[in-house]
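coordinates for the following, if possible.
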Amino acid sequence: MTDVNPSDASAATPRDAIITAFMDLVGERGWDQASLADIAERSGQGLGTIRAHFGSRMAILEAYVAGIDRAVLDGIDADLADQDTKERLFDVLMRRLDLLSPQKAAIRALSKAAMRDPGLALALNGLAVQSQRWMLAAAGVDVNGAGGMIRAQGLAVAFAKVVQAWLDDEDPALARTMRVLDEQLAKAGRAARKLKSVEQLTRPLKSLLCAPLSFGRRRRKDGWDDPRRPGEDGPGWRGDDFRDPRVTPV
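Down below sits the predicted model:
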């Protein structure tokens with residue numbers, strides 16, 4: 001895996017140099033002022049080389065975010081496997097902030113630009129949801145189906161609030177950031193339990209709506225078996241399912 005924040009652009013691959021130059025420029029000048037020509041000059045790569053790797057500035061940003069995702073996933077602490085989901089998510093997201101730190105100025109600039117540009121805000125949300133799916137998966141949370149999408153969107157919103165606290169946190173220990181993260185994970189956990197309750201309540205309606213398909217399947221076969229195992233609750237939070245009353249839910 002390439003370094004998501006190579007400190008020496010001359011020693012990095014052309015792709016790394018382009019990503020780093022772009023993020024540095026966004027941090028220095030803002031999203032709108034980081035042009036392709038400026039990226040080429042800063043990175044020492046020609047426009048043709050940039051085009052060979054990326055189709056747009058947004059594609060460069062997507063590559064940066066994907067690099068952060070990979071670095072987080074590659075650095076997961078195996079000792080956390082026995083911890084509850086909140087602790088695993090806390091560790092995963094704090095590691096993410098650590099990896100974002102070298103480009104804190106760029107993250108701040110992107111946040112400001114998104115407030116003025118709805119299109120950019122929508123694109124950034126899409127990137128955030130995609131990333132948070134992986135962060136949830138790293139913590140052992142089910143990310144499949146509509147429920148998984150809702151969880152990822154919810155965590156993306158929660159993490160955005162954490163990032164705002166992090167951007168203003170001058171304490172090297174990040175005490176305020178960790179407090180906000182803990183609060184947001186607690187709120188997310190309560191929402192997750194509500195989501196699971198809604199899924200359970202709507203399951204009979206879902207079964208009714210799918211009845212014609214089930215009927216047809218029974219006619220094609222000599223009998224029909226429920227694909228779920230006995231006692232299985234169906235879709236919902238996986239991992240520890242936040243059922244331990246001693247643990248503050250994510």
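
which helices and strands does the helix or strand hosting Ala146 pack with?
Ala146 belongs to helix 145-167 when assigned by DSSP states H and E. Contact partners of helix 145-167 among helices and strands, from 3 or more C-beta pairs under 8 Å, 6 or more residues apart in numbering; DSSP states H and E: helix 85-100, helix 104-116, helix 118-138, helix 175-209. The way it works is simple: take the backbone N, C-alpha and C, and place the C-beta from them, glycine included.

what residues does that helix touch?
89, 93, 96-97, 104, 107-108, 111, 125, 128-133, 135-136, 141-143, 174, 176-177, 180-181, 184-185, 187-188, 191-192, 195-196, 199, 235-237 (C-beta atoms under 8 Å, 6 or more residues apart in numbering).

need the winner for burial among the helices and strands packed on helix 145-167.
helix 85-100 (a mean of 21; mean count of other C-beta atoms under 10 Å).

pLDDT averaged over that helix, what's the number?
The pLDDT scores in helix 85-100 average 95.

any idea how far it is from the chain center?
11 Å (C-alpha atoms, centre = their mean, to the nearest Å).

who's in contact with the most centrally placed residue in the chain?
For the chain, the residue nearest the mean C-alpha position is Gln132 (1.9 Å; C-alpha atoms, centre = their mean). Listed by C-beta under 8 Å, 6+ apart, the contact set of Gln132 reads Ala152, Gln153, Leu155, Ala156, Phe159.

domains of the chain?
The chain is divided into the following domains under automatic domain parsing: 1-74, 82-218+234-250.

mean pLDDT lowest where, among the ones you listed?
What stands lowest among the domains of the chain, in mean pLDDT terms, is domain 82-218+234-250, with a mean of 80.

relative orientation of the helix holding Ala146 and helix 104-116 in degrees?
On the basis of axes from the mean of the first three to the mean of the last three C-alpha atoms, to 10 degrees, helix 145-167 is oriented at 120 degrees to helix 104-116.

these two touch, right, Ala113 and Gln33?
No. Using C-beta atoms under 8 Å, Ala113 is not in contact with Gln33; the gap is 10.0 Å.

circling back: closest to Val65 out of the helices and strands packed on helix 145-167?
Each of those was scored for nearness to Val65 using C-beta to C-beta, and the closest is helix 118-138 (5.1 Å).

quick one, the closest one and helix 85-100 angle?
130 degrees.

centre of the chain to helix 118-138, how far?
Worked out by C-alpha atoms, centre = their mean, helix 118-138 lies 5 Å from the chain centre.

again with stretch 61-70
10 Å.

between the two ends of stretch 135-142, what distance do you get?
11 Å (C-alpha to C-alpha, to the nearest Å).

then stretch 90-108?
Stretch 90-108: ends 22 Å apart by C-alpha to C-alpha.

what's near enough to touch Leu174?
Shown in contact with Leu174 (C-beta under 8 Å, 6+ apart): Met94, Leu97, Trp166.

right, I mislabeled it, should have said Gln83
Gln83 neighbours (C-beta under 8 Å, 6+ apart): Asp91.

distance from stretch 36-54 to the middle of the chain?
With C-alpha atoms, centre = their mean, you get 28 Å for stretch 36-54.

in that stretch, which residues are buried?
For stretch 36-54, a neighbour-count test (16 or more other C-beta atoms under 10 Å) marks Leu36, Ile39, Ala40, Arg42, Ser43, Gln45, Thr49, Ile50, Phe54 as buried.

apart from its chain neighbours, what residue comes closest to the last one?
Spatial nearest neighbour of Phe54, chain neighbours left out: Ile60 (4.9 Å); criterion: C-beta to C-beta, 6 or more residues apart in numbering.
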